[in-house]
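Asker: What follows is a protein structure lacking sequence information:
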């Protein structure tokens, strides 16, 4: 793990702010956690029960035992088709979080579970579902070639990697109406909270500025649907290659200095909207729209395993 001298990092950030004419905005302080993503699939019965599941990510026996005990207890709002409950199978990603509670002692929780395409086979099935949505007249957004953001040079020189989860409001013509950084994280780095929070602010500023220029292909959208086209997309900053970035955090613990997850000012109450955090997605993945896969009670998450 890279251990940064907080004073050196703070000096870089102070110089960068002076050169730009403005210093990064102060943020709510983050926290240090270990996270791991576990990919799998789940079958939900007609009563919303977990009928079957399988984990695609190889785990240690202890972690496998913990998840085997927790997952069967989940219950879901039944999936309906033509007004009748049906069995449903979906890919899933579980995000585990570990917090230090003593010297070399950690408590592990399931922080979140999301349901989205994870493999090429999953994505082909999702494309078929999107075709059905288009046929039903529902607005569907897909990204064009997106111009990557500028890597803040002071962080690049320091070898600091991280990610920003953006929430985008997309216009019917595919342009971006609003951008909001919902959460950001730094990977495998330590230092003073003040310096690390400023580093997160630099990444958020860079990602937000780049995203304002992005465009999307939006089908079936009418002007009154503007407020309904939302996209969540992670923006990764890494000195590693794309293959290493995709593998990071999948089946292995990753140290993160992570800010809180915030809601954008335009968010509306919507029980079907998936809860997504910066630790849940890989680079290049995107979440948009609602999901039919909803836990009856999310309190089953964030319990110590």
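Answerer: Right, received. Where do you want to start? Model, not experiment: these values are computed from the prediction.
Asker: contacts and neighbour counts: CA atoms only from here.
Answerer: OK.
Asker: Compute the number of surrounding residues for residue 100.
Answerer: By other Cα atoms under 10 Å, the residues close to residue 100 number 13.
Asker: What of residue 155?
Answerer: Count around residue 155 with other Cα under 10 Å applied: 20.
Asker: pretty sure it belongs to a strand, no?
Answerer: No - residue state for residue 155 (DSSP: H, G, I helix; E, B strand; the rest coil) corresponds to helix; a strand is not indicated.
Asker: how far away is the nearest residue to it once chain neighbours are set aside from residue 264?
Answerer: Spatial nearest neighbour of residue 155, excluding adjacent residues (Cα to Cα, 6 or more residues apart in numbering): residue 199 at 7.3 Å. In this structure, residue 199 and residue 264 are 21 Å apart, going by Cα to Cα, to the nearest Å.
Asker: Backbone dihedrals for the residue nearest to residue 155, both of them.
Answerer: With angles defined as degrees, to the nearest 10, residue 199 sits at phi -70, psi -40.
Asker: What of residue 182?
Answerer: Dihedral angles (degrees, to the nearest 10) for residue 182: phi -70, psi -30.
Asker: Wait, it touches residue 267, no?
Answerer: No - if you go by Cα atoms under 8 Å, residue 182 and residue 267 don't touch, sitting 11.2 Å apart.
Asker: More neighbours: which of these two?
Answerer: Ranked by neighbour count (other Cα under 10 Å), residue 182 and residue 267 place residue 182 first, with 22 against 10.
Asker: Now do the contacts for the more buried one.
Answerer: Shown in contact with residue 182 (Cα atoms under 8 Å, 6 or more residues apart in numbering): 164, 165, 166, 167, 261, 262, 263, 264, 277.
Asker: list the buried ones in stretch 156-169?
Answerer: 160, 161, 162, 163, 164, 165, 166, 167, 168, 169 (16 or more other Cα atoms under 10 Å).
Asker: just stretch 82-94 next, same as before
Answerer: Under the neighbour-count criterion of 16+ other Cα under 10 Å, stretch 82-94 has 87, 88, 90, 91, 92, 93, 94 buried.
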